[in-house]
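Undergrad: Using only what follows, build the 3D model:
(2 chains)
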Amino acid sequence: MKAAAPDDALAAEAAQWLVHLRDDETQGNAAALARTRAAFTAWKAADPRHAEAAQRMEALLERVQGLRGQAGGNARPAQAALSAALSTGQQRRRIARAGAVLALAFALAVPVAVTLRAWPPAYLMADLRTHAGEWQDHQLADGTRIALRGGSAVNLRYDAARRTLELVQGDILVDVAKDAARPFVVQTAHGRIRALGTRFVVERQPDATVLSMLESTTEVQPAAGGAPLRVHAGERLRFTAAQADAATPLDASTTEGAWRRHQLVVHDQPLPEVLDALARQRPGHLQYDRAALEGIRVSAVLPLDDTGRALQLLVDSFPQLRVRMLTRYFVMVDTAPQP
Amino acid sequence: MHSPIHVLYADHHGWLLGWLRRRLGCPHGAADVAHDTFVRILASRDALLGLREPRAYLTTTAQHLLIDRARRQALERAYLAELAALADSHLGLAPSPEETLAALQALEQISAALDGLPPRPARAFLLHFLDGEPQGAIAATLGVSTRMVRKYLVQALLHCHAATGGNA
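TA: Model prediction:
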């Protein structure tokens, strides 16, 4: 047997101490923990090389402990992240040995449970859905046409009495085929929009639904009840489950042209709503504090196929805004601290 | 007079870009990784003298970068997805961007330190030091003796010790 180098032997001894300490900690034995801690301190004080051997491992463990303070003391996000990163590494090594393609490692790495949280079951199980940045057009059996923007999901329920489209998330443009016997209803958590034959755009925001009328008329019924509201071509109506705001004017041809050209047209809307729409077109995570940005109102035409440029345009118009890109998949938007 | 990195770049940049494009299927990502590959080689340029197989060297460096990228992406996605799920179930839990960034950087360092560790020691390490599970419980989970769990934990710590040595 080969004798270990002295440095390695010291590191191994330091590792034994750290495992012993943590064992006492997890067992909740305060007296034993105090004794072990005192003995470890004495060991480190006995020789500067002892303390040096332990130093990097202690620093790393401190960082691990620090993660427990994040996320309200819940270690689950950190645990999930490290497991995903490690399994990427392990799959990668196997695949690299087999000489196969590396790109696969990433596709396989994210566990199913995590996938389900990022893309909730309601989205995954929807009848029609689009990925971030993907656009789709569908013609339904009755001749109704639906266009979906990226990150959208809808369920369809057609029966003899009515045609119901449930908008789970995202933005859609609906061109309803006329059928006097079966009204067409768009349903969201915030209420329903009833049409006979017409064209309109529906956007599902986190706490409200926004209807933009391009042609003809619909009736809106917020979920809490009350008299239905009639919304006409050239009007935009935002409603929550409790109530509807007053309708505001809208340029129907601009709105429709923007859909065709994959643009986002916003007129005096709060910045978080604009960022919501950009986030749906963007793979990865766009992070922002709604409350802090609520006061910034935006009027703009932004390219949805190039969200990086859209963010740059926002920064150009609002110098107080700051966009930080940690990676392509994690972007933070906030306001720069005042000097 | 051309430096070796100039020659390497002029001769092989286009080829490396094509190689990366085929692997990534994304022209922007390929350009980023190709750029980072040369930056990394530039930082350790001594290796360029007398290079016999420049393309093998380039692809090895690029592969390492691709691996780092995939690991970082998996890590970020999993962390942010779990955080979002927690925020949904515990109202009022909303870490600031700075806190999230700090956590991601810490996670990145920890995952780099653990990279290359076999699955069982890695699992034991996270269960014990992150989740705070006692060694006996981990032994039951992994189906091994408590003695073996201790061995895994020491192995994991020594692995981190060695992995963090270069940049200390």
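Undergrad: What distance do you get for residue B:56 to chain A?
TA: 14 Å (Cβ to the nearest Cβ, to the nearest Å). Where you see a C-beta, it was placed from the backbone N, CA and C, and this is true even at glycine.
Undergrad: Now that residue: which helix or strand?
TA: helix B:54-89 (DSSP states H and E).
Undergrad: by contact count, what packs against that helix?
TA: helix A:76-98, helix A:103-109, helix A:112-118, strand A:285-288, strand A:321-327, helix B:4-24, helix B:27-43, helix B:97-114 (3 or more Cβ pairs under 8 Å, 6 or more residues apart in numbering or on different chains; DSSP states H and E).
Undergrad: If you compare the directions of that helix and helix B:97-114, what angle comes out?
TA: Per axes from the mean of the first three to the mean of the last three Cα atoms, to 10 degrees, the angle that helix B:54-89 makes with helix B:97-114 is 130 degrees.
Undergrad: What residues of helix B:54-89 count as buried?
TA: B:54, B:57-59, B:61-63, B:65-83, B:85-87 (16 or more other Cβ atoms under 10 Å in any protein chain shown).
Undergrad: ok, now stretch A:235-252?
TA: Buried-residue list, stretch A:235-252, by 16+ other Cβ under 10 Å: A:235, A:236, A:237, A:238, A:239, A:240, A:244, A:247, A:250, A:252.
Undergrad: ok, of the helices and strands packed on helix B:54-89, where does mean pLDDT dip lowest?
TA: When the helices and strands packed on helix B:54-89 are compared on mean pLDDT, helix A:103-109 scores lowest, with a mean of 36.
Undergrad: how about the helices in the stretch 1-150 of chain A?
TA: For the stretch 1-150 of chain A, the helices defined by DSSP state H, counting those that start in this stretch occupy A:6-27, A:30-46, A:48-69, A:76-98, A:103-109, A:112-118, A:121-124.
Undergrad: so what does the first one touch, helix or strand wise?
TA: In this case it means helix A:6-27. Checked by 3+ Cβ pairs under 8 Å, 6+ apart, helix A:6-27 has helix A:30-46, helix A:48-69, helix B:146-163 packed alongside it.
Undergrad: give me that answer again for 10 Å
TA: Contacts defined by 3 or more Cβ pairs under 10 Å, 6 or more residues apart in numbering or on different chains; DSSP states H and E place helix A:6-27 against helix A:30-46, helix A:48-69, helix B:135-142, helix B:146-163.
Undergrad: quick one, the second one and helix B:97-114 angle?
TA: The one in question is helix A:48-69. Using the same axes, to 10 degrees: helix A:48-69 against helix B:97-114 is 130 degrees.
Undergrad: so how far is helix A:48-69 off the chain centroid?
TA: Helix A:48-69 has its average C-alpha position 34 Å from the chain's average C-alpha position, going by Cα atoms, centre = their mean, to the nearest Å.
Undergrad: Thought residue B:126 was touching residue A:84, still the case?
TA: No. Assessed by Cβ atoms under 10 Å, residue A:84 is found out of contact with residue B:126, at 11.7 Å.
Undergrad: Which of the two has more residues huddled nearby?
TA: Shown here are residue A:84 and residue B:126; by other Cβ atoms under 10 Å in any protein chain shown, residue A:84 has more neighbours (26 against 22).
Undergrad: Can you name every helix or strand that the helix or strand harbouring residue B:120 contacts?
TA: Per DSSP H and E: residue B:120 is located in helix B:119-125. Judged by 3+ Cβ pairs under 10 Å, 6+ apart, helix B:119-125 is in contact with helix A:76-98, helix B:97-114, helix B:135-142, helix B:146-163.
Undergrad: what pLDDT does the residue sitting nearest the centre point of chain B get?
TA: Central residue of chain B (Cα atoms, centre = their mean): residue B:68, 4.0 Å from the mean position. At residue B:68, the model reports a pLDDT of 75.
Undergrad: check contacts around it.
TA: The contact partners of residue B:68, by Cβ atoms under 10 Å, 6 or more residues apart in numbering or on different chains, come to A:89, B:33, B:36, B:108, B:112, B:115.
Undergrad: Could you tell me how many residues sit around residue 10?
TA: Defaulting to chain A. Count around residue A:10 with other Cβ under 10 Å applied: 18.
Undergrad: The intended chain is chain B.
TA: Residue B:10 - counted by other Cβ under 10 Å - has 10 other residues nearby.
Undergrad: quick one, domains of chain A?
TA: A:6-69, A:77-118, A:131-252, A:261-339 (automatic domain parsing).
Undergrad: for residue A:229, what are its contacts?
TA: Contacts of residue A:229 by Cβ under 10 Å, 6+ apart are A:191, A:193, A:211, A:218-222, A:237, A:239, A:243-244, A:246-247.
Undergrad: Residue A:168 against residue A:154, yeah?
TA: Yes. Under the criterion of Cβ under 10 Å, residue A:168 makes contact with residue A:154 at 6.4 Å.
Undergrad: of these two, who's got more company?
TA: residue A:154 (24 against 20).
Undergrad: Roughly how far does the more buried one sit from chain B?
TA: Relative to chain B, and taking Cβ to the nearest Cβ, residue A:154 is found at 22 Å.
Undergrad: Equivalent analysis for residue A:163, please.
TA: From residue A:163 to chain B the distance is 32 Å (Cβ to the nearest Cβ).
Undergrad: pretty sure that residue is touching residue A:197, no?
TA: No. Applying Cβ under 10 Å, one finds residue A:163 not in contact with residue A:197, separated by 11.2 Å.
Undergrad: And those two? Which one has more around it.
TA: The neighbour comparison of residue A:163 against residue A:197 (other Cβ under 10 Å) goes to residue A:163, with 21 against 16.
Undergrad: how about the residues of the stretch 151-300 of chain A that lie near chain B?
TA: Within the stretch 151-300 of chain A, the positions lying close to chain B (Cβ under 10 Å from any Cβ of the partner chain) are A:283, A:284, A:285, A:287, A:288, A:289, A:290, A:291, A:292.
Undergrad: dump the residue contacts of the fifth one.
TA: When you say that, I think you mean residue A:288. A:271-272, A:275-276, A:279, A:321, A:323, A:331-335, B:97.
Undergrad: From those, pick the one nearest residue A:144.
TA: Closest approach between the contacts of residue A:288 and residue A:144, by Cβ to Cβ: residue A:276, at 26.1 Å.
Undergrad: where's the residue lying closest to that closest one once chain neighbours are set aside relative to chain B, distance?
TA: Among residues not flanking residue A:276 along the chain, residue A:205 sits closest, at 5.9 Å (Cβ to Cβ, 6 or more residues apart in numbering or on different chains). Using Cβ to the nearest Cβ, residue A:205 is found at 16 Å from chain B.
Undergrad: Residue A:242 now?
TA: Counting by Cβ to the nearest Cβ - residue A:242 and chain B are separated by 18 Å.
Undergrad: Assign that residue to helix, strand or coil.
TA: coil (DSSP: H, G, I helix; E, B strand; the rest coil).
Undergrad: Setting aside sequence neighbours, what's the nearest residue to it?
TA: Using Cβ to Cβ, 6+ apart, the nearest residue to residue A:242 is residue A:224, at 5.0 Å.
Undergrad: What are the phi and psi values at that neighbour?
TA: phi -70, psi -10 (degrees, to the nearest 10).
Undergrad: No further queries at this time; thank you.
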